[in-house]
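In: Give me a model of this one.
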Amino acid sequence: MNVLTEQTTLTAGDVSLSLTPMGDIRQLKTGPIMVNQLIHHPFDGSMANLYVRYEGEVARPLLGLHSPSDFVASGQEIVWSGRYPEFAYEVRGTLSDTGVRFDATFEGTGRFDVTYVQDLGLADEGGVRTNEAYMAQYIDYVKTDAALMARQNQKQSTGFPAIRMTSSRAIAEYATDGFDVYGTSYKLTGRAAGLDGALPSRVYQYEFALPTLRTETLDMGTDREMAFELSFVQDHPEALTEQSVERFATIEAGAPIEQTVRPRPRLRQPFQSISGAGLTMTEVERLYPVRRLEETEDGQLLSFFTEEGAHVVLAAKEHLVERSHGNILLNAGSLMPDESKLATTVFMNGVFNSHIVYGNTNFNKWTTNVRNPLNVPKTSGQRIYVEMDGAYRLLTMPSLFEMRLNEAVWRYELDGETIVVRTFIASDAPVIKTTVESSQPRRFVMSNQIAMNTQEYVAPFHMEQTDNRLVFKADEAADSAAIRPDLTYAIESDQPFQLLKTSDWFDQPFEDDLVWMAYEPSERVTMHLGLATHTPFELDEKQELHAYRTWMDSYMNGLTLEGETPDIEALNIQALWYVQNMRVHYQSPHGLEQYGGAAWGTRDVSQGPMEFLLSTGHFDEARKLLLVIFSHQFKDGDWPQWFMFDEYAGIQQEDSHGDVIVWPLKALSDYLSRTEDVTCLDETIPFRDRDGKAEANATLYAHVERALGFIEEHFVDGSVFSAYGGGDWDDTLQPADEDLKRHLISSWTVTLTYQAFRQLHEQLPTSALAERLGELSQIIRKQFTEEMIRDGVIAGFLKEVDGRFEAMLHPSDETLPMRYRLLPMTRSVIAELVDQDQMTRNFDLIATHLTFPDGVRLMNRPAEYRGGVSRHFMRAEQAANFGREIGLQYVHAHIRYIEALAKAGHREKIRPAFNMINPVRMDEVKNAAPRQRNAYFSSSDGDFADRYAAESQFDRLKDGTVPVKAGWRIYSSGPGIWFNQLVSNYLGIRLGTNHVELDPIVDADMHVQLRLFGADTTIQFRKGDPSVTLNGQKLTGHALSNPYREAGQRIGKDEFLRYAKEKNELVITVKG
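Out: The predicted structure follows:
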């Protein structure tokens, strides 16, 4: 089997429009710019459509699969014609070199309105298909009386593309985002609430770009004709205004097509979705008699956790959230960085497997990933249909959904019948097991959309069947072919099935990429999916579950928290799930929203995974990771912003932000402080050229020398401050021009550089390199104090102007609306760069200007938004959506705030700070909107419709009167950093190869289970006169130093083992 999905394509100049065999608009482009958001599959239909509401009834589509229309396409014209019982219609589509026009004619009587819906990508095709939600965040909208316009604010290959939508009839209602058109209720009902009902007529700048126009109510007897136009320009450099309507050309109606409309493929029987019925509390209690940390609303149970930490979600909770509950199931096994893993992504709304991939999460992709948050297209990944009453129904929303670390369970209660679907991943084998069970025999059909490539619809794939086994191999045109020509996946079924094509459901043949497996009536169907080269496929679930739990225990070094309060229980569950999230980021880089990945950010992998490995005593794995990071260093001493770390290791970015070079040095210093393993400095590893080719092997020590040389060469003249370059950790503040790249200085990068230099000076063997690092750290400290602290406030930036430094992002700076920046305030404390007085001022400023009910924010105000045109910074001034880093509460930065609190000894603030960002239990944040509770969320986003509302009402975030929503999930260095703060800085247990530091900052009596030097240890924290006892014996050790507070003790391994037993009791008494 070797197929690509069929299409019909029309062109007019640079404009092209392709159609599915059913007449749906598949893709619309102007030059390299993909105008629409998704390439639509024939079995889904298209989100771009015209709808009629006749006499106030539900919306009826006029085009494509779900309509009664047939169509003909010729030259630059398309004609759709069809008939509903009450009226007939014809839609004539005209393609021009500036857009497309739809002329609609109706025959009948009655009142009606027409709605034009257009999914919108509006960027280079590669960018749109890499992440539709991300591109939508940068689309700016302007509504006038006669038009709705949209502009892509991030520069594309043609500039800043824009569109204008108009109607020949008065516009009565409109929307800009699919959440306003479909609504979260769509996940349960399968009906778009805004199409059937009212549109909100507001600009909502979110993640599902779907500009929509609705006409006034018309009389079909007299108002028979109308038209919509979609006009493009490939570059609109200025921000949109009401006057921008004149920039777009008017499209004339085309000449009539002489050809006759031809019948298109039609379904032999309609498909409908089916959702599970709601469960009573009696039914829930029968299934789950023991429930932890229940979440309720108005007395209704929404979700809870089991004793093992599994998360159970009821349909009522899914209805409340915009981001569908989901998880990434991942093999367990070694934490070594070169270990490939099998992963599959599951979602509550009937996505039983998707984005199945072994190793590189882009190039090695087997099945397709979900591209829409509301499950509007329903072909991606693996879906299951069940025959009921002579028709096949698609399983979508279950009655409940259970997420375990290595399994997902969907339970459907259907009029006295129960269907349960389970997807289970092996502990250490590249195999997934999916089982469907019904309380009575049913015919089941599974659909699988196959990619065998980074993107679907690009390269064909090959499939062979042998008995109950299907084997899939990539084509030579696939992205993986050159590196992994042997990559093959397989599905094995426990019983025979009939292999179908999508066209078997229709009355005409056509080709596409769905693989259908149809079963005879049965109460149970089981299939195994995985690498074709692995045998056997069968799994013993009990053994696999035990093995998985053993691996998890080893990852966490036996960590368990015990306490009497709910927040301790919530911390315990959070730790479990954050380890799973950390592993996905580290070993299978992708997320639920950010489904593309496959690479390590140099900055990210030097933090989350490295800190986790060190905090849990996985020193061999940390050493290997460190060498991999340094093996991607450019031969000039710098690093790429990101790089692929697997068999595709030569793929990387050619440059990086100004801080990136510091993070590997910081990681090395952290590793040495834990292990004292100076032998690693003699390891020989390659440098790389800018094209990714490995060459010129040198010792790790030489790599450090090369990095230091690069940093010194790029100090801004007259200083020991690194030039800003492409930016720093806050990606939204990337400079808008070359002058800022060369002359701007990030105070945060300076604080980080100081910390890395000082720590390396202390950890490296005595040498000229160590001496130079010590000298530089002292000079940095002096210049930082003299230049960057102005009137007691650390400037966010300095700008070098004619040999002097001007403060930016500071109370004295009138050029920006932002006055205070979090990052240098926290990092200067973590780095021990500022004195006690300045540390106190930093926290006072954070409390006054940057602390909000949902956590600390990056700055006291957002950057100014002027329609998406940049003056100083790129994304901060371009993003139309007020989310992720743009919304300023980025959880990663809040975690570093916790680290600073621990360093400074603010014991009373740490538990609340942890609780603010714990999705397991959001009681601390009264204005928190409902969210998934077992996944790391990367940001807390104020629920503002657009940037203008966010800027004018920003104070509502401070007083907690606006809801805050959870951002993107799982894929972040944050979970690993969080785990390090919990163990190393809050509990204060810093395990090394030959020592353990005990420096807790806990604020309550609690117990912890942890392994120290391989021995199971119960650690009890008490208040009183400071002391440490092991099994009743007092440990002396050596006092630790901290410039801001009294520190704990460093206990040698020999002293610990002198009093250790097989099971130990360690009592740490802290000052009360």
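
In: Isn't S631 up against A694?
Out: Yes - at 7.2 Å, S631 counts as touching A694 under the criterion of Cβ atoms under 8 Å. (C-beta placed from N, C-alpha, C; glycine too.)

In: out of those two, which sits in the more crowded spot?
Out: S631 (20 against 15; other Cβ atoms under 10 Å).

In: do you know how far the closest residue to N927 other than its chain neighbours is from S940?
Out: Taking Cβ to Cβ, 6 or more residues apart in numbering, and ignoring the residues beside it in sequence, N927 has G960 as its nearest neighbour in space, at 4.5 Å. G960 is 12 Å from S940, where distance means Cβ to Cβ, to the nearest Å.

In: Mutual contacts of those two, please.
Out: D854 (Cβ atoms under 8 Å, 6 or more residues apart in numbering).

In: Neighbour count for the two, which is higher?
Out: Neighbours per residue (other Cβ under 10 Å) separate G960 from S940, with S940 holding more: 30 against 15.

In: For the more buried one, which three-state class applies?
Out: Per DSSP: H, G, I helix; E, B strand; the rest coil, the local secondary structure of S940 is strand.

In: Please name the bridge partners of V436.
Out: For V436, the beta-bridge partners are V421, V525 (DSSP bridges).

In: thought it was touching I419?
Out: Yes - V436 is within contact range of I419, at 6.9 Å (criterion: Cβ under 8 Å).

In: Now the common contact residues for those two.
Out: Counting by Cβ under 8 Å, 6+ apart, nothing touches both V436 and I419.

In: Tell me which residues are up against stretch 440-449.
Out: 41, 367-368, 379-388, 392, 417, 419, 436, 438, 456, 491, 500, 513-523, 525, 527.

In: Buried ones among those residues?
Out: Neighbour counting by 16 or more other Cβ atoms under 10 Å classes 41, 367-368, 379-386, 388, 392, 419, 436, 438, 456, 491, 513-519, 522, 525, 527 among these as buried.

In: Looks to me like T679 is in a helix.
Out: Yes - under three-state DSSP, T679 falls within a helix.

In: quick one: it from Q455, how far?
Out: Counting by Cβ to Cβ, the gap from T679 to Q455 is 45 Å.

In: Looking at those two, which one has more neighbours?
Out: Set T679 next to Q455 and count neighbours by other Cβ under 10 Å: Q455 wins out with 18 against 10.

In: low-confidence ranges in this structure?
Out: 1-4 (pLDDT under 70).

In: Any idea how many residues pack against R371?
Out: R371 has 19 neighbours, counted by other Cβ under 10 Å.

In: I figured it hits Y134, correct?
Out: No - the criterion here is Cβ under 8 Å, and R371 misses it with Y134 at 11.7 Å.

In: ok, the nearest residue to S747 once chain neighbours are set aside - contacts?
Out: Distance criterion Cβ to Cβ, 6+ apart; nearest residue to S747, sequence neighbours excluded, is P824 at 4.0 Å. By Cβ under 8 Å, 6+ apart, the contact set of P824 is 746-748, 750-751, 788, 794-796.

In: Between those, which sits nearest K782?
Out: Nearest to K782 among the contacts of P824 is M788, at 11.0 Å by Cβ to Cβ.

In: correct me, but the closest one touches A795?
Out: Yes - assessed by Cβ under 8 Å, M788 is found in contact with A795 at 5.5 Å.

In: Can you check which residues contact both of these two?
Out: 747, 824.

In: How much space separates R866 from T241?
Out: 11 Å.

In: typo on my end, E786
Out: 46 Å.

In: sorry, back to before: export the contacts of P824 to CSV and append columns for secondary structure and neighbour count.
Out: As requested, the contacts of P824 are exported to CSV (DSSP: H, G, I helix; E, B strand; the rest coil; neighbours: other Cβ atoms under 10 Å):
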residue, secondary structure, neighbour count
S746, strand, 30
S747, helix, 28
W748, helix, 23
V750, helix, 31
T751, helix, 27
M788, helix, 25
I794, strand, 29
A795, coil, 27
G796, coil, 28
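
In: want to try TSV for those residues, with distance to Y204 as columns?
Out: Putting the contacts of P824 into TSV (distance: Cβ to Cβ, whole Å) gives the following:
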residue	distance to Y204
S746	33
S747	36
W748	33
V750	40
T751	38
M788	40
I794	37
A795	36
G796	31
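
In: For G637, give me its contacts.
Out: By Cβ under 8 Å, 6+ apart, the neighbours of G637 are 661, 706-711.

In: Next: T815.
Out: Per Cβ under 8 Å, 6+ apart, neighbours of T815: 808, 872.
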